[in-house]
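need a structure here:
(one chain, ligands or ions: 2)
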Amino acid sequence: TRSTRPQRLLTHVKQRARRGDAQSVITTIDDYCRAREWAMNVGDEKGSILDQVVCEVSPDVALELGTYCGYSSVRIARLLPPGARLLTVEFNHDYATIAREVIDWAGLQDRVQLLEGASGDLIPQLRQKHGIETLDFIFLDHWKDRYLPDTRLLEDCSLLRRGTVLLADNVICPGTPDYLEYVRSSPRYQSQYFSSHLEYTRAEDGLEKSVFLG
Ligand SMILES: C[C@H](C[C@H]1O[C@@H](n2cnc3c(N)ncnc32)[C@H](O)[C@@H]1O)NC(=O)c1cc(-c2ccc(F)cc2)cc(O)c1O
Ligand SMILES: [Mg+2]
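Ligands and ions are numbered 1, 2, ... in the order given. I've put the predicted structure just below:
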């Protein structure tokens with residue numbers, strides 16, 4: 001049977017990117033997705049904004065919702081300080097398998113823990129099963145109608161602390177209207193919009209950065 005897009009993307013990474021070189025994995029994926037096959041990675045333009053926020057926060061414990069092929073896992077993990085870690089959640093087994101290989105190829109497997117399952121099931125397990133006290137940084141990039149319920153769940157599980165930064169992809173395209181309304185109107189968040197474009201296209205999209213105020 002024909003290979004899947006993520007499989008073709010992984011093959012390209014293994015043929016073109018230097019093993020252990022995270023930047024070459026990122027560049028290889030971006031070149032492939034721009035030139036050959038579009039894929040729903042956060043991409044280079046929004047990725048630079050992601051990098052900037054990760055560097056600012058310099059999280060000890062980061063959470064990503066929606067791993068897909070691991071592109072943003074590599075972007076985030078390559079910037080983490082020594083000893084820091086990224087937990088990334090993906091419920092599609094085939095995508096999770098590809099993502100593990102991409103993360104390994106980038107040499108970042110020691111900093112990234114990929115949890116296979118649905119965010120709604122895994123978030124309540126973070127404290128006692130994964131030893132998480134509170135989270136420093138969260139990248140939301142999964143089903144767009146899960147951003148709000150999962151943010152409420154993170155609040156209810158006391159996984160946010162004063163200063164925790166939430167960064168949400170695709171707040172314009174495909175769009176997350178209920179999430180935007182919530183973080184922009186809630187007195188418990190200080191929110192800021194970063195205008196950009198949908199990965200590898202000229203369509204408008206952007207990232208919303210929201211600081212939890214406690
Ligand atoms: C949702 C996907 C990303 C991944 O998230 C996993 N996932 C989901 N829900 C859960 C959960 N509840 N728990 C764990 N994992 C979960 C899934 O399996 C995908 O691998 N991302 C997108 O759909 C996405 C789509 C577009 C897009 C934009 C314009 C178009 F014309 C078409 C598509 C752009 C983007 O930048 C995206 O990010
Ligand atoms: Mg996205």
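
How about the contacts made by residue 52?
By Cβ atoms under 8 Å, 6 or more residues apart in numbering, the contact set of residue 52 is empty. From N, CA and C alone the C-beta is placed, and that goes for glycine too.

again with the one 3 residues further on
For residue 55, the residues meeting the contact criterion (Cβ under 8 Å, 6+ apart) are residue 79.

Could you report the separation of the residue of the chain found nearest ligand 1 from residue 166?
At 3.0 Å from ligand 1, residue 66 is the closest residue in the chain, using Cβ to the nearest ligand atom. In this view, residue 66 and residue 166 are 13 Å apart by Cβ to Cβ, to the nearest Å.

overlap in contacts of these two?
residue 140.

mind listing the strands in this structure by residue range?
With strands called from DSSP state E, the chain shows them at 61-65, 85-90, 112-116, 137-140, 165-168, 189-197, 204-212.

List, one by one, the residues from the protein near ligand 1.
Proximity of the chain to ligand 1 is confined to 40, 66, 68, 89-92, 95, 118-119, 141-143, 146, 169-170, 173-174, 198-199 under the rule Cβ under 6 Å from any ligand atom.

Please repeat the previous calculation with a cut-off of 8 Å.
Residues of the chain lying close to ligand 1 by Cβ under 8 Å from any ligand atom are 40-43, 65-69, 89-92, 95, 117-120, 122, 141-144, 146, 150, 169-170, 173-174, 198-199, 203, 205.

Which ones among those residues lie within helices?
Using DSSP state H, 43, 95, 119, 120, 122, 150 are the members of the residues of the chain next to ligand 1 that sit in helices.

in terms of contact, does the second one touch residue 6 like I think?
Yes. Counting by Cβ atoms under 8 Å, residue 95 sits close enough to residue 6 to count as a contact (6.0 Å).

Next, show the common contact partners of the two.
Common contact partners of residue 95 and residue 6 (Cβ under 8 Å, 6+ apart): 68, 69.

The protein against ligand 2: which residues are in contact?
141, 169, 170 (Cβ under 5 Å from the ion).

Contact partners for residue 51?
75, 79.

how close does it sit to residue 177?
According to Cβ to Cβ, residue 51 and residue 177 sit 27 Å apart.
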